[in-house]
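1. Generate a structure from the sequence data that follows.
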Amino acid sequence: MESPDLPKDIKIVDAYLKSNATIKPEFKPGFLKGVTTIDTEVLLRKNSNEKSMYSKVEKPVFESYKAQLAPYYSWSNRAQAEMSVWFPIIWE
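-> As a prediction, the model looks like this:
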């Protein structure tokens with residue numbers, strides 16, 4: 001997943017994969033001259049504790065988000081971006 005595929009206020013480290021997520025490959029001819037992406041649902045952490053070094057640890061709050069996962073070889077072809085190929089899993 002690349003950061004351009006996330007809402008502006010979400011960092012790549014705040015995206016989690018659901019353990020029961022449906023994963024669907026889809027060829028997109030208009031995306032980077034033809035790329036197969038993976039469409040799935042991720043959980044976005046809405047209350048990151050990165051505000052200060054000694055902030056109170058709170059239970060995470062997650063929001064579902066329909067996401068497009070771009071393959072690693074296509075990284076940074078849209079703009080400079082963060083990318084993650086490994087996601088923490090939320091077991092449901």
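2. tell me the contacts of residue 15?
-> Residue 15 makes contacts with 1, 6, 42-45, 65, 67, 84, 87, as judged by Cβ atoms under 8 Å, 6 or more residues apart in numbering. No exception for glycine: its C-beta is placed from N, CA and C like everyone else's.
3. Any of those buried? List them.
-> 1, 6, 42-45, 67, 87 (16 or more other Cβ atoms under 10 Å).
4. thinking again about what came up before, among the contacts of residue 15, name the ones in strands.
-> Of the contacts of residue 15, the ones assigned to strands by DSSP state E are 42-45, 65, 67.
5. For those, name the two members farthest from one another.
-> 45 and 67 (13.6 Å; Cβ to Cβ).
6. for the buried ones among the contacts of residue 15, which one is nearest residue 20?
-> Nearest member of the buried ones among the contacts of residue 15 to residue 20, counting by Cβ to Cβ, is residue 43, at 11.2 Å.
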